[in-house]
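Asks: Just a sequence and a predicted model for now, questions to come.
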Amino acid sequence: MSATVQKTTKRVLTRRGVVWLGQTCNLRCRFCYFQTRIEAKDHPEHPFMTLDKAKAIFDILRNHYGNNAIDIQGGEPTIFPGIEELCSHSAKIGLLPTLITNALVLAKREALQRLKDSGVRDLLVSVHGLGQNYDDMVGVPGAHKLQMAALDNCVALGMPVRFNCVLTKSSLPHLAGVARLAVSVGARAVNFIAFNPFEDQQKGERSLDDVAAYSEVSASLVPALDILRAAGIEANVRYFPLCQVPEAYRQHLYNFQQLPYDLHEWDYASWTFTDMKPQRMRAGELSPLVSLRQANARSPMFKGVPNYLDDPAISLEDEYRHSALIRAREHCGYRETPACQACGMRQICDGFHGDYAAFFGTDEAQAIQTPTPGAGPIVDPRHYINQQEKIVEPEDAGWAL
Ligand code: SF4
């Protein structure tokens, strides 16, 4: 790791945006949240957008939403025609680019060198398993070998990497191996992401072949976290109920209310804009701009709240928290379990996700006692994550440390 990367327990709101360039990909991951759109060439979100449209979105994120970094997704962004010019534009306007990538294309060192030269700040590499297991999960023979060659190239060229790993049933036996790989290549952070009923996985696509019980996930996850903690590598676990890991590991858990405090996660305000269909499609004009408060006010949860749009008592952090509740409850179908009613963390936890209870029931939930008995539930979403040391990249040191 570069000596200029620092660590902090200070939590500030992220300023990182996200864009989907189009659902075109060189892999066929069985758990992909966009699997229908990637398979169907005639889906309006399948083709990559034009370079000009992408640049226009980037300009809005920088100039209107004040973002200073961006996660660029495809599908697979390394096969987007003009990716180097787009990254170069992004870096030039002060929107430091990260590619969320399977990295297969970067097994060719010259391809990685070109991206580095264009101003890419780092790569978030999707490492969902290892060896034959990875090839089987992503549907392409030889994919693991290419990904390892790409990571070797990252080490050789000094391209910073972080990892994403989706917690499907088949990835669980490999979590410790993924953690060891992160240590060996000097990854700056590893994100373990619960396999959720998002996007195309909401339509009855999820099955017990891929969805694991929380207790099964936890048994593999905790040893992997131990490996990363021992090596001083930041580890984040997304969308995992707080009661499903021992207390010492809850500082790594990011549910919707904690996500805005992860500098490597997405700003709910600009995410609301880029998530709209016109910003995900090649065809058509961009949507009118929308503020986070305006978007919140459209939700049934806040529609009836008097003066919601101009109430000065609602702070910026409140807006992000309200968005978190909308995302968890309305968009993703998170639900409280019977145990949640007695839990001291119920105001900062999302509960169990969508269709989980239908697969496994809710008996795994265990109410957590508050540190001070009788003090009422914890209300600060940073209660546990305040203990976590997170990395701050050199460009962010001035405001994030
Ligand atoms: S609110 Fe529910 S799911 Fe969350 S920690 Fe408490 S019991 Fe577990």
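Replies: The structure has been received and is ready for your questions. Because the structure is a prediction, the values reported are computed rather than measured.
Asks: what about residue 390, how many neighbours?
Replies: 20 (other C-beta atoms under 10 Å). For the C-beta atoms, the positions are set from N, CA and C on the backbone; glycine is no exception.
Asks: per-residue confidence at the closest residue to it other than its chain neighbours?
Replies: Of all residues not flanking residue 390 in the chain, residue 234 sits nearest, at 5.5 Å (C-beta to C-beta, 6 or more residues apart in numbering). Residue 234 carries a pLDDT value of 98.
Asks: Looks like residue 234 contacts residue 188 (just checking).
Replies: Yes. Using C-beta atoms under 8 Å, residue 234 is in contact with residue 188, at 6.8 Å.
Asks: Just list whatever residues bridge to residue 6.
Replies: residue 392 (DSSP bridges).
Asks: Please look at it and residue 392 and confirm they touch.
Replies: Yes. Here residue 6 reaches residue 392: they are 5.1 Å apart, a contact under C-beta under 8 Å.
Asks: Please identify which of the two sits among more neighbours.
Replies: Between residue 6 and residue 392, counted using other C-beta under 10 Å, the more crowded position is residue 392 (20 against 16).
Asks: What separation do you get for that one and the ligand?
Replies: Residue 392 sits 28 Å away from the ligand, going by C-beta to the nearest ligand atom, to the nearest Å.
Asks: again with residue 135
Replies: 35 Å.
Asks: ok, now residue 110?
Replies: For residue 110 relative to the ligand (C-beta to the nearest ligand atom), the value is 48 Å.
Asks: same deal with residue 240?
Replies: Distance from residue 240 to the ligand, by C-beta to the nearest ligand atom: 9 Å.
Asks: pretty sure that residue contacts residue 214?
Replies: Yes. Proximity of residue 240 to residue 214 meets the contact threshold set by C-beta under 8 Å, at 7.1 Å.
Asks: These two: who's more crowded?
Replies: residue 240 (26 against 21).
Asks: Could you pull up the contacting residues of that one?
Replies: Each residue near residue 240 by C-beta atoms under 8 Å, 6 or more residues apart in numbering is listed here: 167, 192, 194, 214, 217, 221, 253, 255.
Asks: same question, residue 139
Replies: 27, 28, 29, 30 are the contacts of residue 139 under C-beta under 8 Å, 6+ apart.
Asks: the strands in the stretch 151-300 of the chain, which residues?
Replies: Counting by DSSP state E, counting those that start in this stretch, the stretch 151-300 of the chain has strands at residues 161-167, 189-194, 234-238, 253-254.
Asks: Quickly run through the sheet partners of the third one, with directions.
Replies: Going back to what we said before, that points to strand 234-238. strand 189-194 (parallel), strand 253-254 (parallel).
Asks: Would you tell me whether it gets close to the ligand?
Replies: No. Residues of strand 234-238 contacting the ligand under C-beta under 6 Å from any ligand atom: none, with a closest distance of 13.2 Å.
Asks: Next, the angle strand 161-167 makes with that strand.
Replies: With axes from the mean of the first three to the mean of the last three C-alpha atoms, to 10 degrees applied, the angle from strand 234-238 to strand 161-167 works out at 30 degrees.
Asks: Output strand 234-238 in CSV, but only the C-alpha positions, please.
Replies: The C-alpha trace of strand 234-238 is given here as CSV (Å, rounded to 0.1, in the frame of the first residue of the first chain):
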residue,chain,number,x,y,z
GLU,A,234,-10.1,-2.5,5.4
ALA,A,235,-13.0,-4.9,5.2
ASN,A,236,-16.6,-4.0,4.7
VAL,A,237,-19.7,-6.3,4.7
ARG,A,238,-22.7,-4.9,2.9
